[in-house]
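*Asks:* just the structure for this:
(one chain, ligands or ions: 1)
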Amino acid sequence: MTEIYADHAATTFPRPPEVVAAISDYLLQIGCNPGRGGYRRSLEAARLVYEARLFLAALFNVPRPEQVIFTPSVTYALNLLLKGLLRAGDHVLISSMEHNAVVRPLARLTGERGINVEILACRQDGTLDPLQVKRALRSNTRLVALTHASNVTGTILPVCEVGELLAGSGVLYAIDAAQTAGSERLDFMALNCDYLAFTGHKGLLGPPGIGGLVLSERAAELTLPLVEGGTGSRSEEEEQPSFLPDKFESGTQNIPGIAGLAAGIRLVASSGEISIARQKQELTGAFLEGLAALPGVIVYGTGDPQKMTAVVSLNIAGVDSGDLSFILEQCFSIMTRSGLHCAPLAHRTIGTFPQGTLRFSFGFGNTLADVRHILGALREIIREKQQIPE
Ligand SMILES: Cc1ncc(COP(=O)(O)O)c(C=O)c1O
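*Replies:* Below is the predicted model of the structure:
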């Protein structure tokens, strides 16, 4: 049976051959560290890293490529900005759709540094009224951190509107673009944000273990590094360099990951995020339409493909989401993810805590035929479970 991978919100699979080739080319043809030697291979590695930074700066409309910092993941990027910025007495606003990559570091900072975190309640479909942010601002609000799109329901949050209303307020603004980088247009300047955290292994089609953070000049100045060490620059000094990107990039980097990510970005740029978003909307629209015709299926989120990414969470009355995911893989070779998706707060918001949901997420390589196959499988499972006659 043909495998259908419908867990792109977790990671992209299969990786495009261009990405695999770029990783293996780096390992075979270059294989050395950038910036640590003056020989050809080291210079080529430095060029590869610089080119990847340029691609990302162009993709996200960042004024200087040095404002793009490579990190091992978006989780690391979010930890870096939260722990590097927040101090005792700071007030932080987040939405009730955030991932644990934001919630857990903040929980630690609340206990250890005495910061004050306020969670803005989203509607049950995951949407947020941007005016809630305005109303909740206080004199000590240091940061607003929002996910661009929920990894549970795909709901897109009003990140542009919030950027507009925060502009000139002095409050820093962070966007978690884990679910949207590569599949929604992200313009760092137009978003009016100070931090854009992204991951390389989802919509950007790269390998696991690579992500990054874009920082505004003011955020770069105000944020302390999470890790200090060798940068290949100012080695005579004990202090970490204060310039970008070295302030935040210490130690040997994941160059194979960066090579693979650069190849992924090239693919994304050649299709264009708008056309990628449209293709995904087509799949999501067809899936939602098919689900509406199935008895006993509860779909969460807005139900509007224009207002969401290609992520659909559902439950089937009387069936555990974990069992459903297991049956889909065992009997139909369909790969999905069930449970809480590392976002218990989002599940509380949509009313599915603690049981969670079954999540389908579409991406590179998925087709309408996949969607039809998944709908057919669900129809069969429902018929079996509810003993509905054919
Ligand atoms: C919204 C969101 N934030 C953060 C993360 C963490 O991503 P990573 O595991 O790549 O660090 C995810 C991953 O699913 C996510 O969906």
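*Asks:* count of neighbours near residue 30?
*Replies:* Neighbour count for residue 30, taken as other Cβ atoms under 10 Å: 20. Quick note: C-beta positions are derived from backbone N, CA and C, even for glycine.
*Asks:* for residue 372, that is, sorry about that
*Replies:* By other Cβ under 10 Å, neighbour count at residue 372 equals 13.
*Asks:* in what helix or strand does it lie?
*Replies:* Residue 372 is part of helix 368-386 when elements are defined by DSSP states H and E.
*Asks:* what do you get for residue 142?
*Replies:* Using DSSP H and E, residue 142 falls in strand 141-147.
*Asks:* pretty sure residue 144 is touching residue 173, no?
*Replies:* Yes - assessed by Cβ atoms under 8 Å, residue 144 is found in contact with residue 173 at 5.2 Å.
*Asks:* flag the shaky bits of the stretch 251-390 of the chain, pLDDT-wise.
*Replies:* Applying pLDDT under 70 to the stretch 251-390 of the chain flags the ranges 387-390.
*Asks:* just the helices in the stretch 151-300 of the chain please.
*Replies:* With helices called from DSSP state H, counting those that start in this stretch, the stretch 151-300 of the chain shows them at 159-166, 188-191, 217-222, 255-271, 273-292.
*Asks:* got the buried residues for the second one?
*Replies:* By neighbour count, with 16 or more other Cβ atoms under 10 Å as the criterion, the buried positions of helix 188-191 are 188, 191.
*Asks:* what about stretch 157-170, how long is it end to end?
*Replies:* 21 Å (Cα to Cα, to the nearest Å).
*Asks:* just to revisit the earlier point, what's the overlap in contacts for residue 144 and residue 173?
*Replies:* 162, 166 (Cβ atoms under 8 Å, 6 or more residues apart in numbering).
*Asks:* more neighbours: which of these two?
*Replies:* Counted by other Cβ under 10 Å, residue 144 and residue 173 do not tie: residue 144 has more neighbours, with 28 against 25.
*Asks:* which pLDDT value goes with the nearest residue to the more buried one once chain neighbours are set aside?
*Replies:* In this structure, residue 144 finds its nearest non-sequential neighbour in residue 93, 4.6 Å apart by Cβ to Cβ, 6 or more residues apart in numbering. Per-residue pLDDT puts residue 93 at 98.
*Asks:* now do the one 4 residues further on
*Replies:* Each residue has a pLDDT score; the one for residue 97 is 98.
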